[in-house]
Structure formats: C-alpha cells, structure tokens
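Visitor: After the sequence you'll find the predicted model.
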Amino acid sequence: MRCYRNDKIHITVYFKILALIMNKAALIIFIPVLLVACSSARTGELGGEDVLNAMNDGTSSFYEKDYENSLKHFHVAAEMINQIWAHTDDAKKAGSLWYNEQTKNFKGEPYERMMVFYYLGLIYLINEDYGNAQASFKQALLQKAINSNLDRDNRVEFKLGVLLAGLSLHYLGSKGAANNLFNEYTINRDLPFDKDKIPNTILIIETGFGPRKEVNNQQTNVVYVAQEQYQPGMSFSIGEIIKSGDDILTEVMYDHAMDRGIREADRYNTSKRSTKHFTNDIGNTLIDVGARTDDNDAGSIFIMAGLISKIISENILYQADIRQWENLPGSIHTAFLLLEEGDYHLKITDEQTLALLGNIELTISDANKLNVVWLTTTKR
C-alpha cells in the first residue's frame, strides 16, 4: 500500500477511502496499515551532512593556510554539489508530504554553493593554476544563477567572481576571453582597475560571519538574519597607494542570500502546510458528521474516515531546513593593485572605527604573476 503523496489531496480521495472501508473487516485492517505506512515513510533523523562538513572543514583549513587539505575538502563538496540536479531520492523527498526538508542530504543554498567554488578558485590562484581557477570562478557564477527567481536586472551579481575569472583567464594567456568578462563587468559600473594595466596583486579581507538561517512563524520558509561585525568599511594602504571607498569591491553574503528568490523547498513546505490543515479540518468535519448521524453504521464509517484524514494530516511534515555553513564570512572586501617587484608594507584599517585590522609584509618577487594576499578579521 502506498500513502498519497501529491501536494494537493482532493476531496475525491476521501470518497475512495469510504468505498474501501464500507465493511468493518476492511476497516480493521486498513487503519493500522495506514498508520504504519505513513509513519515508516518518514524519519526524524537529519539527512547526510557530507557537503556541510566539507564546507566547514575546508574553510577551517583554508584559514590555517593548509591549502592542500582545504582543496580536498572543497573538492568533496563540489563533486556532491554537481550532482544536485540528478534524479535522486533527495529530489523525490523534496516533493513528498512525508518528509521534512532537513531529512534530505544537505547541499546548501545557492550562495553557499557559490562560495565553495570561490574558495576553490582562490586556492588555485594561490597555486598559480589559472586554468582550474577560471573554471572554479565560472562555476561560482553558475551556482549563483541557478534557482534565482528574480529578473536579471534585479539580481545581486557575484561581481568578484566575474573579475577573478577574468584575471585567471588573463594570466592563463586567454586575454580575449578575459576582456570579454571585463567588458561584461563594466556594464553600468566602473572597472576597479585599468584594463591596460592589469593588476598583479589582489588584496582580500573577509569580515564577520554570514547570515544566520531561521524559520518563519509558520515553520515553512527559511529567513536570514545578518550577524554582528557586519560589513565594516575597509582601507588598504601600501606605501603611498591607498585603496578605500569605491576602490574596494565588497561582496555581502546577506545580500546574496536574500537574492535567492522564492526557494523551491519553501513552495513545497507552504503547500504541505496547507494540505496538513486541510486534511485535519476534513477529519474534524467527518468525525462531527459521524457523531451527529442517527445511523450507527454510517456514523462509524464517517468517524473512521475522519480519523484516517487526521492520521494523514499528522504525518505530513514541512519543517524548513536551517542547517548552515557556520564559518562562512559576512563580507569580502577586495582591492586590485599593479605593483613592481620589491618589498611592501600593507596596512589594513577599518574606516568606521579606525581600528588597525592587519599589518602584512608583502614581497612581490615576480611582477608577471598574480599575487594573492588574503586576511580574515574574524577567528573561525
């Protein structure tokens, strides 16, 4: 026997149930089987968290500058993310009435998947593997575009991903393809560097923590809350070179999270909640009709049908999944510089509090290579 799994349970289903249980023998068998079938179809356990663990472990290794292990962790996450559109049990669970969203294997929201490929790209840049770097940054852009229900003009684009993909292509030797990306970026905005003077140094500072996931009052939708230490203004100075304000490209994770549009899972959960209330109300009505009828046999059938409807309602699950990438940054601040070979002192300041966030001694040993300087202000 199979439980009814469509998002909308029509009233005709209940007439079929009534026809099935018109005799007491069938009724005695039917209700226990229905209870077992519905209850066994669900589980209270969380779905697989391999991707989530790989995200957290990869970030921790990256922050320790253990790029070899970080690369391994993010590869695990990336391989599983790339299977997200396969026809798997997870896809079936998403639309099933009998599963909570968190019983699916965790794959993350579009902005979380985007950041997996961002970190992969950074590691490849640090390792001077420009081919894999540009492919990773393009994958980051793809993950952000997937599942977005907003018009293109209203999306929060991952601008940093476009520029890093372009720089990777430039240093790979594909200057025409790089210029195409730079031209794409410059639509309605200024490029933070001169295309005739391609930068050889990228300064990146990550601050705060990414948005916290919560559920709305109806428990059906994921909502995002910005956390503390959120998007401070940055100032980078190297000798007499100062980058601040519009010279600093800032990506805000909260903005990217809010840009997701309506999640498909939220649609499922909202529909499940409506179905749950509908079947419960139908059950109450049938029980009330059965209790009021003068015909005992008919009354018993209505009452039992009402109980079945309430059993179905009780087994419909719609809890939204709020598992999240815990050590994701809140903001990424990036400056691009063209430096000659030599030793430099890099000073990083929070423009709002004037606090000194970092002092780094930087050596440019080869001006023809892309140098990546990365720093976090937040212990992760």
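Guide: Right, received. Where do you want to start? Residues are numbered from 1 along each chain as shown.

Visitor: When you work out contacts or count neighbours from here on, use the C-alpha atoms and nothing else.
Guide: Fine.

Visitor: so which strand or helix has the residue nearest to Ile303 when sequence neighbours are not counted?
Guide: Once flanking residues are discounted, Ile303 sits nearest to Ile287: 4.2 Å by CA to CA, 6 or more residues apart in numbering. Per DSSP states H and E: Ile287 is located in helix 264-292.

Visitor: Which SSE is immediately downstream of that helix?
Guide: Where DSSP H and E defines the elements, the next helix or strand beyond helix 264-292 is helix 296-315.

Visitor: buried stuff in that following helix?
Guide: 299-315 (16 or more other CA atoms under 10 Å).

Visitor: hang on, the earlier thing: contact partners for the residue nearest to Ile303?
Guide: 302-307 (CA atoms under 8 Å, 6 or more residues apart in numbering).

Visitor: With distance to Asp196 added, can I get those residues in JSON lines?
Guide: Output for the contacts of Ile287, formatted as JSON lines (distance: CA to CA, whole Å):
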{"residue": "Phe302", "distance to Asp196": "80"}
{"residue": "Ile303", "distance to Asp196": "80"}
{"residue": "Met304", "distance to Asp196": "79"}
{"residue": "Ala305", "distance to Asp196": "76"}
{"residue": "Gly306", "distance to Asp196": "75"}
{"residue": "Leu307", "distance to Asp196": "75"}
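
Visitor: tell me the contacts of the nearest residue to Ile312 once chain neighbours are set aside?
Guide: Nearest residue to Ile312 in three dimensions, chain neighbours excluded: Thr279, at 7.0 Å (CA to CA, 6+ apart). By CA under 8 Å, 6+ apart, Thr279 lies in contact with 9, 309-310, 312-313.

Visitor: Closest to Gly176 out of the residues you listed?
Guide: Within the contacts of Thr279, proximity to Gly176 (CA to CA) peaks at Ile9, which comes in at 55.9 Å.

Visitor: Per-residue confidence at the residue nearest to the spatial centre of the chain, what does it come out as?
Guide: Centroid-nearest residue in the chain: Glu109, 1.3 Å away (criterion: CA atoms, centre = their mean). What the model reports for Glu109 is a pLDDT of 86.

Visitor: who touches it in this structure?
Guide: By CA under 8 Å, 6+ apart, the contact list for Glu109 reads Ala257.

Visitor: Please apply the same query to Asp343.
Guide: Asp343 is in contact with 361-364, counting by CA under 8 Å, 6+ apart.

Visitor: Could you check how far it is from Gly245?
Guide: Distance of Asp343 to Gly245, given as CA to CA, to the nearest Å: 25 Å.

Visitor: Same check on Asp196?
Guide: 22 Å.

Visitor: Find the residue ranges of the stretch 251-380 of the chain scoring beneath the pLDDT cut-off.
Guide: 260-270, 317-319, 380 (pLDDT under 70).

Visitor: Let me know the secondary structure of Ser235.
Guide: For Ser235, the assignment made with DSSP: H, G, I helix; E, B strand; the rest coil gives strand.

Visitor: list the contacts for the residue in the chain sticking out farthest from the centre?
Guide: Of all residues in the chain, Asp294 has its C-alpha farthest from the mean position, at 56.6 Å, by CA atoms, centre = their mean. Contacts of Asp294 were listed using CA under 8 Å, 6+ apart, and none were found.

Visitor: quick one, phi/psi of it?
Guide: phi -90, psi -20 (degrees, to the nearest 10).

Visitor: hang on, the earlier thing: can you flag the buried ones in the contacts of Asp343?
Guide: Buried among the contacts of Asp343 by 16+ other CA under 10 Å: Ile364.

Visitor: Strands along this protein, start to end?
Guide: 201-207, 212-215, 222-225, 234-238, 241-244, 249-252, 331-337, 342-350, 356-364, 371-376 (DSSP state E).

Visitor: Quickly run through the sheet partners of the second one, with directions.
Guide: Using DSSP bridges, the strands paired with strand 212-215 are strand 222-225 (antiparallel).

Visitor: Ramachandran angles for Ala367?
Guide: Residue torsions, per degrees, to the nearest 10, at Ala367 are phi -70, psi -10.

Visitor: where's it relative to Thr201, distance?
Guide: As defined by CA to CA, Ala367 lies at a distance of 9 Å from Thr201.

Visitor: what about stretch 179-190, start to end distance?
Guide: The separation between the terminal residues of stretch 179-190, taken as CA to CA, is 14 Å.

Visitor: gap between it and the chain center?
Guide: 26 Å (CA atoms, centre = their mean, to the nearest Å).

Visitor: Show me what that stretch is in contact with.
Guide: With CA under 8 Å, 6+ apart as the criterion, stretch 179-190 contacts 159, 162-163, 165-166, 191, 195.

Visitor: Which members of those residues are classed as buried?
Guide: Among these, those buried by neighbour count (16+ other CA under 10 Å) are 162-163, 165-166.

Visitor: can you redo those as CSV with distance to Glu79 and pLDDT?
Guide: Formatted as CSV, the buried ones among the contacts of stretch 179-190 follow (distance: CA to CA, whole Å; pLDDT from 0 to 100):
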residue, distance to Glu79, pLDDT
Val162, 22, 94
Leu163, 24, 96
Ala165, 20, 97
Gly166, 24, 96
